[in-house]
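K.L.:
Sequence plus the predicted model coming up.
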Amino acid sequence: MEFLDFLPPQMRDPVLFAIPFFLLLLVIEWTAARKLEHDAATDERPGRGSYHARDSWASISMGLVSVATMGAWKFLALLGYAAIYAYVAPWQLSATQWYTWVIAIVGVDLLFYFYHRTAHRVRLIWATHQAHHSSQYFNFATALRQKWNNSGEIVMWIPLPLLGVPPWMVFASFSLSLIYQFWIHTERIGKLWRPVEFVFNTPSHHRVHHGMDQIYLDKNYGGILIIWDRLFGTFQPEVFRPHYGLTKPVDTFNIWKLQTREYAAIGRDVRAAHGLRAKLGYLFGPPGWQPADAAKVGTVARATP
């Protein structure tokens, strides 16, 4: 693409080249959903693969902003990664060797699994990720509903330049992961051939991840590969159509509020908490965490007629 020619090859993010294809697939799916709008009218929740205009535009807008914010985070990370790669790594792997690409892609995918799992279990990191889960619709537009704070991933990737993976290959591998994860945000594709479902993340597996049903919560964190979930005990097959969104639904399409609402909630909880332990719990405990005394009071209150 000529508009990227001014950038050095290492900085030409593959995600930028994929954007036209993202939009094409989104339009195709959106068109198909409009043809089936009547499905939603007979159900208490959105029909399969349906779109809501304001919800979709919120997702697209968040995705466009994330292109800029991710670029800024990558630029900052490049400085640190380059220093680690040049002065700390015991060796530098060659980008011309096939095994370097295997290490980079598999390494990014494994580290993404651990970051993603942490993002669902540590509230401060969940605050960066929850916007992606805030839609009650599951379609290609939802795939674009990306976070603006990539600091957690930047830290998680540090082992790769430390192992001698060229920094630009780390970024390229993560971009390939993002491109892969776009197509799995759809209800239009059912379960695939069993060997594919066993190894790779698929629409079926990712529908589970976006489900707010109790059986589906905190499952299927994989990016490209689902084998990490199978290995580390977080895999859940799709047994019924999920209900999508957060367990406490949001009632706004304001993209700033969608991105910052959880940070604001954390701030309120920390200010109201008594004692350092409670304050740290609200920051680093899982979403929904409460001090033992508050949880006990809540249980008694719910049990009182």
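P.N.:
Everything's here; your move.
K.L.:
Neighbours of residue 166, how many?
P.N.:
Using other C-beta atoms under 10 Å, the number of residues around residue 166 comes to 21. (Each C-beta comes from the backbone N, C-alpha and C, glycine too.)
K.L.:
end-to-end on stretch 158-174?
P.N.:
With C-alpha to C-alpha, to the nearest Å as the measure, stretch 158-174 spans 13 Å from end to end.
K.L.:
chain center to that stretch: distance?
P.N.:
Taking the mean of its C-alpha atoms, stretch 158-174 sits 20 Å from the chain's own mean (C-alpha atoms, centre = their mean, to the nearest Å).
K.L.:
Also stretch 107-126?
P.N.:
Taking C-alpha atoms, centre = their mean, one finds stretch 107-126 lying 9 Å from the centre of the chain it belongs to.
K.L.:
Now do the buried residues in it.
P.N.:
Across stretch 107-126, burial judged by 16 or more other C-beta atoms under 10 Å covers 107-113, 115-117, 119-120, 122-123, 125-126.
K.L.:
any idea of the mean pLDDT in the lengthiest helix in the chain?
P.N.:
Longest helix in the chain by number of residues (criterion: DSSP state H): helix 53-83. In this model, helix 53-83 has a mean pLDDT of 89.
K.L.:
Who are the packing partners of it?
P.N.:
Here helix 53-83 touches helix 14-35, helix 140-143, helix 151-156, helix 167-182, helix 255-272, going by 3 or more C-beta pairs under 8 Å, 6 or more residues apart in numbering; DSSP states H and E.
K.L.:
Let me know the angle separating it from helix 255-272.
P.N.:
70 degrees (axes from the mean of the first three to the mean of the last three C-alpha atoms, to 10 degrees).
K.L.:
Show me what the helix or strand following helix 53-83 is packed up against.
P.N.:
As assigned by DSSP states H and E, the chain's next helix or strand after helix 53-83 is helix 98-121. Contacts defined by 3+ C-beta pairs under 8 Å, 6+ apart place helix 98-121 against helix 123-129, helix 151-156, helix 159-162, helix 167-182, helix 227-232.
K.L.:
quick one, helix 98-121 and helix 167-182 angle?
P.N.:
Inter-element angle recorded for helix 98-121 and helix 167-182: 60 degrees (by the same axes, to 10 degrees).
K.L.:
Setting aside sequence neighbours, what's the nearest residue to residue 242?
P.N.:
Spatial nearest neighbour of residue 242, excluding adjacent residues (C-beta to C-beta, 6 or more residues apart in numbering): residue 211 at 2.9 Å.
K.L.:
Same list, the helices and strands packed on helix 98-121, but as CSV with distance to residue 138 and mean pLDDT please.
P.N.:
Shown next, in CSV, are those (distance: least, C-beta to C-beta, whole Å; pLDDT from 0 to 100):
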stretch, distance to residue 138, mean pLDDT
helix 123-129, 16, 96
helix 151-156, 23, 91
helix 159-162, 31, 96
helix 167-182, 13, 90
helix 227-232, 19, 98
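K.L.:
which stretch among these comes nearest residue 263?
P.N.:
helix 123-129 (4.9 Å; C-beta to C-beta).
K.L.:
Give me the helices and strands touching that closest one, please.
P.N.:
Counting by 3+ C-beta pairs under 8 Å, 6+ apart, helix 123-129 packs on helix 98-121, helix 151-156, helix 255-272, helix 276-284.
K.L.:
Now find how far off-centre that helix is within its chain.
P.N.:
On C-alpha atoms, centre = their mean, the centre of helix 123-129 falls 11 Å from the chain's centre.
K.L.:
hey, C-alpha coordinates of it in PDB?
P.N.:
Only the C-alpha atoms of helix 123-129 are listed here, as PDB (Å, rounded to 0.1, in the frame of the first residue of the first chain):
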ATOM      1  CA  ARG A 123      -9.700  -6.400  38.100                       C
ATOM      2  CA  LEU A 124      -7.300  -3.700  37.200                       C
ATOM      3  CA  ILE A 125      -6.300  -5.500  34.000                       C
ATOM      4  CA  TRP A 126      -9.900  -6.500  33.400                       C
ATOM      5  CA  ALA A 127     -10.700  -2.700  33.300                       C
ATOM      6  CA  THR A 128      -8.600  -2.600  30.100                       C
ATOM      7  CA  HIS A 129     -10.300  -5.600  28.500                       C
END
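K.L.:
May I see the helices and strands packed on helix 98-121 organised as CSV, with distance to residue 60 added?
P.N.:
CSV is the format used below for the helices and strands packed on helix 98-121 (distance: least, C-beta to C-beta, whole Å):
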stretch, distance to residue 60
helix 123-129, 19
helix 151-156, 22
helix 159-162, 31
helix 167-182, 13
helix 227-232, 29
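K.L.:
could the helices and strands packed on helix 123-129 be laid out in a markdown table, adding distance to residue 56?
P.N.:
Formatted as a markdown table, the helices and strands packed on helix 123-129 follow (distance: least, C-beta to C-beta, whole Å):
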| stretch | distance to residue 56 |
| --- | --- |
| helix 98-121 | 24 |
| helix 151-156 | 25 |
| helix 255-272 | 12 |
| helix 276-284 | 33 |
